[in-house]
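K.L.:
structure for this input, please:
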Amino acid sequence: MKNWAKLMEQIPKKNVSKYSLRMLKLRSKIFNEYIRPPMPFEISRAAIRDPRQRQSWDSIQYQNERLVMRFASLPLDLDYRRSMRYYPAHPQIGDLMTVLRQHGLYRNEHKDIKEEMSRLRELREKSNSNRDELDE
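P.N.:
Numbering: from 1, shown residues only. Have a look, this model is predicted:
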């Protein structure tokens, strides 16, 4: 989407007519492009003496253009080109770590401790299966 300033740059300066400017404005309105408002006469006249006024006017208009473009674009979470993949692939990583642990290439200390505690519980004959039998 082009903005008004870029459209104005495409037209040669000496061939600008009122009709072509009006057609550009109409085109911008049809395609929802930002139309930069014309510089007020007071600022353009004062810019001859003090160029800082023109610079401040241009910076304000640039900020407005940027804001309009930002609101016209998709939100970050819906735009797949600008959004990052937020959540990693947890199930696939968990399966991979399980396979690596079975091959002895990865140590999961938490699971090792749980297995060791259940092994010691079975040696003391206090496994969960015995509890289930006692309840019946």
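
K.L.:
and this protein, what are its domains?
P.N.:
For the chain, automatic domain parsing gives the domain ranges 4-72, 90-135.

K.L.:
quick one, helices of the protein?
P.N.:
With DSSP state H as the criterion, the chain has helices at 4-10, 18-30, 41-49, 51-72, 90-102, 109-123, 128-135.

K.L.:
using CSV, list the CA coordinates for the third one.
P.N.:
Below are the C-alpha coordinates for helix 41-49, written out as CSV (Å, rounded to 0.1, in the frame of the first residue of the first chain):
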residue,chain,number,x,y,z
PHE,A,41,-0.2,28.4,4.0
GLU,A,42,1.1,30.0,7.2
ILE,A,43,3.6,27.3,7.8
SER,A,44,4.8,27.2,4.2
ARG,A,45,5.2,31.0,4.2
ALA,A,46,7.0,30.9,7.6
ALA,A,47,9.2,28.0,6.4
ILE,A,48,11.1,30.4,4.2
ARG,A,49,12.4,32.3,7.2
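
K.L.:
from the contact counts, what lies against that helix?
P.N.:
With contacts taken as 3 or more C-beta pairs under 8 Å, 6 or more residues apart in numbering; DSSP states H and E, helix 41-49 sits against helix 51-72. Quick note: C-beta positions are derived from backbone N, CA and C, even for glycine.

K.L.:
quick one: work out the angle between the helix it packs on and helix 41-49.
P.N.:
130 degrees (axes from the mean of the first three to the mean of the last three C-alpha atoms, to 10 degrees).

K.L.:
quick thing: my sequence starts at 418, can you match it?
P.N.:
All right, first residue 418 from here; so that's helix 468-489.

K.L.:
shaky segments in the chain?
P.N.:
418-432, 464, 502-503, 544, 546-553 (pLDDT under 70).

K.L.:
so what's the residue most central in space within it closest to, chain neighbours aside?
P.N.:
Centroid-nearest residue in the chain: L493, 3.3 Å away (criterion: C-alpha atoms, centre = their mean). Spatial nearest neighbour of L493, excluding adjacent residues (C-beta to C-beta, 6 or more residues apart in numbering): S500 at 5.4 Å.

K.L.:
neighbours of that neighbour, how many?
P.N.:
12 (other C-beta atoms under 10 Å).
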